[in-house]
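Asker: Give the three-dimensional model of this entry:
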Amino acid sequence: MKEMISNMKKHSCPSCGGQLRVDTGRQMYECPFCGLTYDYEYFREDDVLELASRSMQAGEFRSAKEAYEFMLQKEPHNFVALRGLILASAEAKDMDELRKAERYSKIKGKIIEGCIDRAQRDSLPEHKEYFAKMQELFETGREYREEIIAISKLRTTRKRHYSRIDKLEREKEENYMGSRESLDGEERVPIPPKAIIVLSLAVYLVWALFLIAMIWGSKSSSVTDLTKTTTKKATNSYARTQMVEKALESAMESEGVEPTEADSSAKTVVIKVGDIVDTANGDIASGDIITNGKETTKTAKNTTSGKTYKETAAEKKEKESKQSLRSVLVVSTAVEAGIIFFAVQRQKKINEVEAEIRSMSSQTEDISEEVNAREERLRELSKKIHLISNDLRKLNPLGSSGNSSGDGGGGSDSFPRVAKPKGL
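Answerer: Have a look, this model is predicted:
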């Protein structure tokens, strides 16, 4: 079929073999070499419109376009050829295909616009309304195609947004404390950093109050023990004083010293107390000086009792215990500060992710609303295309049988069948 179309375009002069030239004004072929002219009827080669129709039905739109172009060289106003050229450019086999709105998503608008402009320019006056309505049809189809493209882009963007939101949700979960899967393989809910902050603060406050209570309780115990020790010492001191006074009186009696004479003649009396050492508590040593029988100053030996030594060790131990408690409190405070800092950083990251999720979700909702609006517009355009197609059926000058591309036949839509070579 392509070979037949090619032969139709190569019109050679039967006389000299030169390439003929088309004279559309006189509707003749003219040989620029030998001057002979030929009627259109001479180069019929079969019905051109029928050939174009067969090409259209076979889907050979390029061959069909060449046939229609060849026909329009002879008859620029031919309605069937003008409309067939538009259909071939749209790769539609007939007008019924143009009733389907989905068909316009594959049509190249610029090529169609050129063919329609040509049809409106070259068509007969009675056919201009038809081609104007056809232009409206393709403009509506162009709007439909643009809406399809816009919806496709919006859906692609929405899909990317959904993917991004899923990624952000995973990133959010990664900032939670704890894993979703436990050691036994069972799923568990991760703990948000906010809960960790509240829980750790509660535990820390209880622990800190306990340590403080321990420290202050220890101090109170120390004061009580010190009071008891002081009281006991005072009691022992009084007992020793009484004992020394008795010993002094006995010694003075044995020496023959009267109490009044001793008081007036001497301030101190040295007593050998080898026989009366520590009869009460073991606190008086040999060589002690007793003044007036009431005060004792240790000069020979600074001897400390075993009980006093034990009390000093207990105080030291208690002091170390308090220091340990304070250290534990300081360490606990540092650990709590670290936990809170870590949890706050996690929570800050979660807040940022949640803000982005909200933004992406809002954009996704807006896109969905726009998609719905455009889909509604598509339905309106589809109805409009159907209505315009009905109007074209009514305006078709060939009647209801002329809605296909195979509108060959007699009259102005076909070639004359008689060839008549003419000389100049």
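
Asker: For Cys34, grab phi and psi.
Answerer: Per-residue torsions, Cys34: phi -110, psi -10 (degrees, to the nearest 10).

Asker: From Gln73, how far off is Ala90?
Answerer: Separation of Ala90 from Gln73 (Cβ to Cβ, to the nearest Å): 22 Å. Backbone N, C-alpha and C define where each C-beta goes, glycine included.

Asker: More neighbours: which of those two?
Answerer: A count of neighbours by other Cβ atoms under 10 Å puts Ala90 above the other of Ala90 and Gln73, at 22 against 13.

Asker: you'd agree the more buried one is up against Ile112?
Answerer: Yes. Between Ala90 and Ile112 there is a contact at 5.7 Å, judged by Cβ atoms under 8 Å.

Asker: Which neighbours do these two have in common?
Answerer: By Cβ atoms under 8 Å, 6 or more residues apart in numbering, Ala90 and Ile112 have these common neighbours: Phe138.

Asker: With adjacent residues omitted, what lies nearest to Arg21?
Answerer: Glu30 (5.1 Å; Cβ to Cβ, 6 or more residues apart in numbering).

Asker: Thought Thr37 was touching that neighbour, still the case?
Answerer: Yes. Counting by Cβ under 8 Å, Thr37 is a contact partner of Glu30 at 4.9 Å.

Asker: The helix or strand hosting Arg374 - contacts with which helices or strands?
Answerer: Using DSSP states H and E, Arg374 sits within helix 306-395. Under the contact criterion of 3 or more Cβ pairs under 8 Å, 6 or more residues apart in numbering; DSSP states H and E, helix 306-395 touches helix 125-174, helix 193-255.

Asker: Would you mark the buried spots in stretch 132-148?
Answerer: By neighbour count on 16 or more other Cβ atoms under 10 Å, the buried set for stretch 132-148 is 134-138, 140-145, 147-148.

Asker: With stretch 49-68 instead?
Answerer: For stretch 49-68, by 16+ other Cβ under 10 Å, it's 49-56, 60-61, 63-68.

Asker: Okay, and which of those map to helices?
Answerer: Members of the buried residues of stretch 49-68 lying in helices (criterion: DSSP state H): 49-56, 61, 63-68.

Asker: ok, so of those residues, who is nearest Met214?
Answerer: Phe61 (96.8 Å; Cβ to Cβ).

Asker: Would you confirm that that closest one contacts Glu91?
Answerer: Yes. Here Phe61 reaches Glu91: they are 5.1 Å apart, a contact under Cβ under 8 Å.

Asker: Buried ones in stretch 96-112, by neighbour count?
Answerer: By 16+ other Cβ under 10 Å, the buried positions in stretch 96-112 come out as 98-99, 101, 103-104, 107, 112.

Asker: Now tabulate these in CSV and tack on secondary structure, distance to Asp166 and pLDDT.
Answerer: Below are the buried residues of stretch 96-112 laid out as CSV (DSSP: H, G, I helix; E, B strand; the rest coil; distance: Cβ to Cβ, whole Å; pLDDT from 0 to 100):
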residue, secondary structure, distance to Asp166, pLDDT
Leu98, helix, 42, 90
Arg99, helix, 42, 90
Ala101, helix, 34, 88
Arg103, helix, 37, 87
Tyr104, helix, 35, 88
Ile107, coil, 37, 82
Ile112, helix, 42, 87
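
Asker: In space, what's closest to Ile340 - neighbours in sequence excluded?
Answerer: Using Cβ to Cβ, 6+ apart, the closest residue to Ile340 is Ile197 (5.8 Å).

Asker: residues contacting that neighbour?
Answerer: Contacts here follow Cβ under 8 Å, 6+ apart; on that basis Ile197 touches 339-340, 343-344, 347.

Asker: Which pair of those residues spans the longest distance?
Answerer: Using Cβ to Cβ, the contacts of Ile197 span at most 12.2 Å, a distance reached by Ile339 and Gln347.

Asker: confidence score at Lys319?
Answerer: Per-residue pLDDT puts Lys319 at 81.

Asker: ok, it - contacts?
Answerer: Contacts of Lys319 by Cβ under 8 Å, 6+ apart: none found.

Asker: cool, Gly18 as well?
Answerer: So Gly18 contacts 12, 31-34 (Cβ under 8 Å, 6+ apart).

Asker: Need the residues you listed in a markdown table (columns: secondary structure, distance to Glu318 and neighbour count).
Answerer: Listed next are those as a markdown table, based on DSSP: H, G, I helix; E, B strand; the rest coil; distance: Cβ to Cβ, whole Å; neighbours: other Cβ atoms under 10 Å:
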| residue | secondary structure | distance to Glu318 | neighbour count |
| --- | --- | --- | --- |
| Ser12 | strand | 130 | 13 |
| Cys31 | coil | 134 | 21 |
| Pro32 | coil | 131 | 11 |
| Phe33 | coil | 134 | 14 |
| Cys34 | coil | 138 | 14 |
